[in-house]
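Student: Got a sequence here, can you build the structure:
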Amino acid sequence: MRFVILTLLALGAASAADDVQLALTIKAQTDFDRVQLAAAAPLRDTLTCIQSQAALLPVASRVELPLIHFRKGYCALLGAEFGQQPADFTAAAADFDAAIQAWPARVEKPAKGVPVEPVSSALPVLAGIARIQANPAAADSVRNAIESAVAAGQCSATVMPVDECRRILQVGRQWLGWIALTDNHLEEAARQFSTGGWPEFTAGRQAFARREYAKAGAAYRQAVLVWEAQAKESAPPLMVRLGPQPDLGLALADLGGAQFLAGDTAAAIATLDDAIRRDPHARSYYLRARAEETSGKLDAALSDYNLASRTAFAHAKDNVSGEAHLYRGILFYRRKDYIRAEDEFASALNFDIPANLRPDAAAWRALAAVAGGACDASRVQLQRAVAAASPYFPAAEAEAAMAACPSTTALK
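Tutor: Numbers count the residues shown, from 1 in each chain. Predicted structure coming up:
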């Protein structure tokens, strides 16, 4: 009799445990579906989803583990989009990694002659995206994993619907394009991008590199129009939510710069005004100053050179910025304080400065030296530096300064 009672109690306990697990399973699935099916799930739903998946993990079977880790990572990734905290993106990446690691254990002894289902290619793509979001500098380290996953294109319905997997692989291609664009590999970027304003923006960069500034401006304008429309969407699609996000302020700065070089200074100033209203970057102030100079607005240009330097310093780590010293050097140069200008340009080259600004800093330093009277020592340096400088450097002014050098005059 005692044995029967113990058996009944054990069966009752097992049944209760099964009921608890079933309840956890249903809740976890329901919470995930709410996030997945929503056009843009609110933060509270993503947090609820993360919690319910975490509650299910300790009692899940090895067959269920990859799916639960995927769902937890997916909800964590969408939730991280709200706060943009690196730790939240890192946590999402860890769950995608866990799903990949748990995948082989789903089948302990596969049937003879039956191929084992490969891991969904969407998982390494999502892990890579989360890592880039956590730290953009990590993009190069995850590029190969994303490339391999996109090339493999394994999309079964075990983890997610096949169509959604394919959309995620397309997002992976968008990030590959973003990485290529960041590295200035424009042809590769054009090959990877397919939608979302990025093909137009890349076309603008390509036209700019060919010095076709009017074409570059037209392409940049198309990209900005697409991005402005996306910014107004209350429920952007998955491709937009998980894909690389444009910086409209910097995109407008590129547009304004192209308009300036194409000779439309009025349009350039208006565009750069808009860029600064949206998000004041040092580069936007600098380009507006160049356009103002050309328009004869010298006081406004001096003010913007000052603002460019101050903005760069404000965003610099430990108040050390080669970019800020470059803009301050131009400010002193325009005030005809050539000695202080040359010192600032030297500091720009000695401190951390974006690679695309280094040739300009070298050219400005040589120009300040020539303008300050050091013709014999600096004229040849300036001649070489002008050839390497960006189109924003005043090459015609440098040519005039070299022509005015006593040593140059004596050679004629």
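Student: which residues touch the residue nearest to Ala138 when sequence neighbours are not counted?
Tutor: Spatial nearest neighbour of Ala138, chain neighbours left out: Arg131 (5.1 Å); criterion: C-beta to C-beta, 6 or more residues apart in numbering. Where C-beta positions appear, they are placed from N, C-alpha and C, glycine not excepted. Applying C-beta atoms under 8 Å, 6 or more residues apart in numbering, one finds that Arg131 lies in contact with 89-90, 93, 138, 141-142.
Student: you'd agree Lys215 is up against Ala207?
Tutor: Yes: if you go by C-beta atoms under 8 Å, Lys215 and Ala207 touch, sitting 4.0 Å apart.
Student: Could you check how far Arg358 is from Thr48?
Tutor: 50 Å (C-beta to C-beta, to the nearest Å).
Student: neighbour-wise, which of these two wins?
Tutor: Taking other C-beta atoms under 10 Å, Arg358 and Thr48 do not tie; Thr48 has more neighbours (20 against 16).
Student: Among the contacts of Arg131, which pair sits farthest apart?
Tutor: With C-beta to C-beta as the measure, no two of the contacts of Arg131 lie farther apart than Phe89 and Ser141, at 14.5 Å.
Student: Those two: which is more packed in?
Tutor: Taking neighbours as other C-beta under 10 Å, Phe89 and Ser141 compare with Phe89 leading, 23 against 12.
Student: what are the phi and psi values for that one?
Tutor: Backbone torsions for Phe89, taken as degrees, to the nearest 10, come to phi -70, psi -40.
Student: Please give the number of neighbouring residues around Pro406.
Tutor: Around Pro406 sit 11 other residues, with neighbours defined as other C-beta under 10 Å.
Student: ok, so what distance separates it from Arg365?
Tutor: Using C-beta to C-beta, we find Pro406 at a distance of 20 Å from Arg365.
Student: In which helix or strand does the residue nearest to Ala138 reside?
Tutor: For Arg131, the host element (DSSP states H and E) is helix 122-134.
Student: how about that helix as CSV, C-alpha atoms only?
Tutor: Only the C-alpha atoms of helix 122-134 are listed here, as CSV (Å, rounded to 0.1, in the frame of the first residue of the first chain):
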residue,chain,number,x,y,z
ALA,A,122,20.7,33.5,-40.0
LEU,A,123,22.2,32.8,-36.6
PRO,A,124,25.9,33.8,-37.4
VAL,A,125,24.6,36.8,-39.3
LEU,A,126,22.5,38.0,-36.3
ALA,A,127,25.5,37.4,-34.0
GLY,A,128,27.7,39.5,-36.3
ILE,A,129,25.2,42.3,-36.5
ALA,A,130,24.8,42.4,-32.7
ARG,A,131,28.6,42.6,-32.3
ILE,A,132,28.9,45.5,-34.8
GLN,A,133,26.1,47.3,-33.0
ALA,A,134,28.0,46.8,-29.7
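Student: quick one: Ser61 from Arg167, how far?
Tutor: Counting by C-beta to C-beta - Ser61 and Arg167 are separated by 29 Å.
Student: quick one, which of the two is more surrounded?
Tutor: In terms of neighbours (other C-beta under 10 Å), Arg167 is the more surrounded of Ser61 and Arg167; the figures are 18 against 10.
Student: Which pLDDT value belongs to the closest residue to that one other than its chain neighbours?
Tutor: In this structure, Arg167 finds its nearest non-sequential neighbour in Leu238, 5.6 Å apart by C-beta to C-beta, 6+ apart. On pLDDT, Leu238 comes in at 73.
Student: list the contacts for the spatially closest residue to Leu65 that is not a sequence neighbour?
Tutor: Of all residues beyond its chain neighbours, the one nearest Leu65 is Ala102 (4.2 Å), with distances taken as C-beta to C-beta, 6+ apart. Shown in contact with Ala102 (C-beta under 8 Å, 6+ apart): 62, 65-66, 69.
Student: Export these as CSV, with columns for distance to Ala98.
Tutor: Putting the contacts of Ala102 into CSV (distance: C-beta to C-beta, whole Å) gives the following:
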residue, distance to Ala98
Arg62, 12
Leu65, 8
Pro66, 8
His69, 4
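Student: Of those residues, which count as buried by neighbour count?
Tutor: 65-66, 69 (16 or more other C-beta atoms under 10 Å).
Student: related to what we said a few turns ago, after the helix holding Arg131, which helix or strand is next? Please name it.
Tutor: Next element after helix 122-134 (DSSP H and E): helix 139-152.
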